[in-house]
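Asker: Next input, structure requested:
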Amino acid sequence: MKISEFKDKIPGKVYELLERRGFEELRPSQWKSVKAGLFEDKNLLVCTPTASGKTLVAELAFLNAVLHDKGKAVYIVPLKALASEKHKQFKKDYPNLKIGVSSGDLDSEDAYLANNDVIITTSEKFDSLLRHKAPWIKKLKTVVVDEIHLLNDDSRGPTLEIVITILRKELKDIQFIGLSATIGNAEELAEWLDAELIMDTWRPVKLKKGVYFEGNIDFKE
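Answerer: Model (predicted):
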């Protein structure tokens, strides 16, 4: 759908930034998220295929937190390498925002993070920041949890669940945006998060299934 159709739902500064970046249309997961209350601080659980536009939903949420709500945002990823990748990409796309990354020493509160608008981190590091009572956490408006299906992971799941639980208890007005391409109990998780569930099967490249045998692939119609 044309982005212009949602001009009355998107805060002015966020809309102007999207225009400058050349966005003319929103993909299904994106316009569904806007309609579901993305800019009204509603919690969202976005479950759509890889490359369907989930990351922009998260970006819209943290732009709203920083530019409209005048607060901070945290972007939680499962791996240090992914944290570095997101940090590099977001700094390129949003040079006027202060974007920091922290995924290392679990015994440090990393006081420098207070100077950033968006903080990219792992669940383990953010758990450490919570335990150190980093003062800037009180200014959080939005938390994005990438690969939120890892709540079911034996190693990372418990820490991520604790982080979300503490934040929901301590910050009553915080917005959660959960992202996942593979999740089996989406309705149950959305209920736990008190979130609007966004589901869609659209993908930019059609996915075909087939059987490979003796040099040939027989695709299923």
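Asker: Does residue 87 touch residue 121 like I think?
Answerer: No. Counting by CB atoms under 8 Å, residue 87 does not reach residue 121; the two are 9.7 Å apart. No exception for glycine: its C-beta is placed from N, CA and C like everyone else's.
Asker: got any residues that touch both of these two?
Answerer: residue 101 (CB atoms under 8 Å, 6 or more residues apart in numbering).
Asker: Of the two, which one has the most company?
Answerer: residue 121 (26 against 21; other CB atoms under 10 Å).
Asker: quick one: what helix or strand has the more buried one in it?
Answerer: Element membership for residue 121 (DSSP states H and E) is strand 118-122.
Asker: cool, residue 84 as well?
Answerer: Going by DSSP H and E, residue 84 is part of helix 80-93.
Asker: do residue 16 as well
Answerer: helix 12-20.
Asker: For this structure, give me the ranges with low pLDDT.
Answerer: By pLDDT under 70, the low-scoring segments of the chain are 105-109, 202-205, 207, 221.
Asker: now the helices: where do they sit in it?
Answerer: With helices called from DSSP state H, the chain shows them at 12-20, 28-35, 54-63, 80-93, 123-131, 157-170, 186-193.
Asker: Which neighbours in the sheet does the strand holding residue 121 have, and how are they oriented?
Answerer: Using DSSP bridges, the strands paired with strand 118-122 are strand 72-77 (parallel), strand 99-102 (parallel).
Asker: Residue 159: which of those is closest?
Answerer: strand 72-77 (10.3 Å; CB to CB).
Asker: Just checking the distance from the closest one to the centre of its chain.
Answerer: 7 Å (CA atoms, centre = their mean, to the nearest Å).
Asker: before we move on, what about stretch 179-198?
Answerer: Taking mean C-alpha positions (CA atoms, centre = their mean), stretch 179-198 and its chain are 13 Å apart.
Asker: now the end-to-end length of it.
Answerer: 10 Å (CA to CA, to the nearest Å).
Asker: which residues are contacting it?
Answerer: 29, 32-33, 36-37, 42-50, 52, 54-55, 57-58, 144-149, 151, 164, 176, 178, 199.
Asker: Just the ones in strands from the residues you listed, please.
Answerer: 44-47, 144-145, 176, 178, 199 (DSSP state E).
Asker: Just the buried residues out of these, in PyMOL syntax.
Answerer: In PyMOL, this line selects whichever of the ones in strands among the contacts of stretch 179-198 come out buried by 16 or more other CB atoms under 10 Å:
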select buried, resi 44+45+46+47+144+145+176+178
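Asker: which two in the ones in strands among the contacts of stretch 179-198 are spaced the farthest apart?
Answerer: Longest span within those, CB to CB: 144 and 199, 17.9 Å.
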